[in-house]
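Visitor: Dropping a prediction and its sequence here:
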Amino acid sequence: MLQSHCEMEEISYNEIAIILNLLKSKRGFDFTGNKHSMLERRIKKRLLATKTKTYKDYHLFINENPKELDKLIDVLTINVSSFFRDPIVFEYFSSKILPTLVVEKLKKKDKSIRIWSAGCSSGEEPYSIAIELKEYFKKESLNFDVSIFATEIDNKSLKTAIDGKYSYDRIKNIRVDYLNKYFNVKDDLYILKNEIKKMVQFSFFDILDKKYLVPPESIFGDFDIVFCRNVLIYFDYNYQEIIFTKLYKSLNSKGYLIFGEAEAPIEKFINEFNKENAYFKIYRKNEY
Ligand SMILES: C[S@@+](CC[C@H](N)C(=O)[O-])C[C@H]1O[C@@H](n2cnc3c(N)ncnc32)[C@H](O)[C@@H]1O
């Protein structure tokens, strides 16, 4: 009979490290900064699925079945996402952040806006941003040069994002008028129209990359807004610091940083930002 999760032995830090090092050397994915409890829970899933009893057996199994590494990457990258995730945040984005930013930009005669969606999963987040921008600029009859960079380490998610085709369960949160306006339906798939697709530039980028501070496609970063939602929570403090330092440096003076509900700036940076209001995890970088 198959062992259940609770019957399984604890996996030690060393055992996890051996598996993660294998992943790093064979595939270049570094999960060593992810929280131990999360790693343990997820690696155990693969032990169950492969019917291997101990981590040593699992290690052997990987050596004999190299494709198992893909499955391991799949369970370790948590790709859950949805269009307009936490809809109230997107409402605040279009009703408060965009108007504020646009007024400030117009005063400086700057008609450009640069956004980064870091850890964009299968594209729901950057496409939601693109739809909000499209709607806002149309309503205000303004013509801005919009750049949205969306980056991800999971190639499978990235492919879905670039395809822009979603099944019904993925589009449930979208308002009907947006669905009608921005999607075509074919064979039970909701296909994003080109006018939205072309607004987002997707690329592979590891947010822990030591060489590049920002996605190379964006040249210098200089972002007005960075969305990094539901990414930081999976990393331990040291790695959160690496990621946070990058996000901080990539933002313009008075740039906005938009986190997921369970995230906040780490202690070291707390005085560098103002929290927009009591409800959301939205922060504005101090002016410099
Ligand atoms: C839970 S999803 C969040 C997606 C989206 N931001 C949202 O809030 O709906 C987290 C994403 O971060 C990606 N991710 C994890 N580690 C990463 C890294 N080092 N660099 C870039 N992306 C990463 C995962 O692959 C996953 O797609």
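Guide: It's in. Residues are numbered from 1 along each chain as shown.

Visitor: Now do the strands in the stretch 151-288 of the chain.
Guide: Using DSSP state E, counting those that start in this stretch, the strands of the stretch 151-288 of the chain run over 165-167, 183-186, 189-192, 200-204, 223-228, 251-259, 273-275, 282-285.

Visitor: what's the most buried one of those?
Guide: Highest mean neighbour count among these (mean count of other CB atoms under 10 Å): strand 223-228, with a mean of 25. Yep, even glycine has a C-beta here, placed from its N, CA and C like the rest.

Visitor: Adjacent strands (with direction) for that strand?
Guide: Looking at strand 223-228 with DSSP bridges, its partner strands are strand 112-118 (parallel), strand 251-259 (parallel).

Visitor: closest to the ligand out of the ones you listed?
Guide: Nearest to the ligand among the strands paired with strand 223-228 is strand 112-118 (6.5 Å), distances taken as CB to the nearest ligand atom.

Visitor: does the ligand sit close to the closest one?
Guide: No. Counting by CB under 6 Å from any ligand atom, the ligand is not contacted by strand 112-118; separation bottoms out at 6.5 Å.

Visitor: Nearest to K56, out of the strands of the stretch 151-288 of the chain?
Guide: For those, the distance to K56 is smallest for strand 200-204, at 32.4 Å, taking CB to CB.

Visitor: The closest one packs against which elements?
Guide: helix 124-139, strand 145-152, helix 155-163 (3 or more CB pairs under 8 Å, 6 or more residues apart in numbering; DSSP states H and E).

Visitor: Any part of that strand near the ligand?
Guide: No. Using CB under 6 Å from any ligand atom, we find that strand 200-204 stays clear of the ligand, coming within 8.5 Å at best.

Visitor: Tell me how far that strand lies from the chain's centre.
Guide: Centre-to-centre, strand 200-204 and its host chain are 12 Å apart (CA atoms, centre = their mean, to the nearest Å).

Visitor: List the neighbouring strands of that strand plus their orientation.
Guide: If you go by DSSP bridges, strand 200-204 pairs up with strand 145-152 (parallel).

Visitor: how big is the angle separating the strand it pairs with from helix 124-139?
Guide: 170 degrees (axes from the mean of the first three to the mean of the last three CA atoms, to 10 degrees).

Visitor: And for Y237, nearest residue in space, chain neighbours not counted?
Guide: I266 (7.1 Å; CB to CB, 6 or more residues apart in numbering).

Visitor: got the contact list for that neighbour?
Guide: Y237, Q240, E241, F244 (CB atoms under 8 Å, 6 or more residues apart in numbering).

Visitor: ditto for F137
Guide: N143, F144, V146.

Visitor: which of these count as buried?
Guide: F144, V146 (16 or more other CB atoms under 10 Å).

Visitor: closest to R114 among the contacts of F137?
Guide: When the contacts of F137 are compared for distance to R114 (CB to CB), V146 wins out at 8.2 Å.

Visitor: hang on, the earlier thing: quick check: of the contacts of F137, which lies closest to the ligand?
Guide: For the contacts of F137, the residue nearest the ligand by CB to the nearest ligand atom is V146; the value is 19.1 Å.

Visitor: what bridges to that closest one?
Guide: Applying DSSP bridges to V146 gives these bridge partners: I113.

Visitor: right, and it touches L133 too?
Guide: Yes. Counting by CB atoms under 8 Å, V146 touches L133, with 5.5 Å between them.

Visitor: who's in contact with the nearest residue to I258 once chain neighbours are set aside?
Guide: The spatial neighbour of I258 that comes closest, neighbours along the chain excluded (CB to CB, 6+ apart), is F227 at 4.8 Å. Applying CB under 8 Å, 6+ apart to F227 gives the contacts I115, W116, S117, A118, E125, P126, I129, I258.

Visitor: is F227 in a bridge, and if so with what?
Guide: S117, I258.

Visitor: So for it, what's the pLDDT?
Guide: Looking at F227, its pLDDT reads 98.

Visitor: same check, this time on M8
Guide: Looking at M8, its pLDDT is 56.

Visitor: same thing with T77?
Guide: pLDDT for T77: 84.

Visitor: cool, S121 as well?
Guide: For S121, the pLDDT comes out at 96.

Visitor: same deal with F29?
Guide: pLDDT, F29: 78.

Visitor: and it, how many residues sit next to it?
Guide: Neighbours of F29 under the rule other CB atoms under 10 Å: 18.
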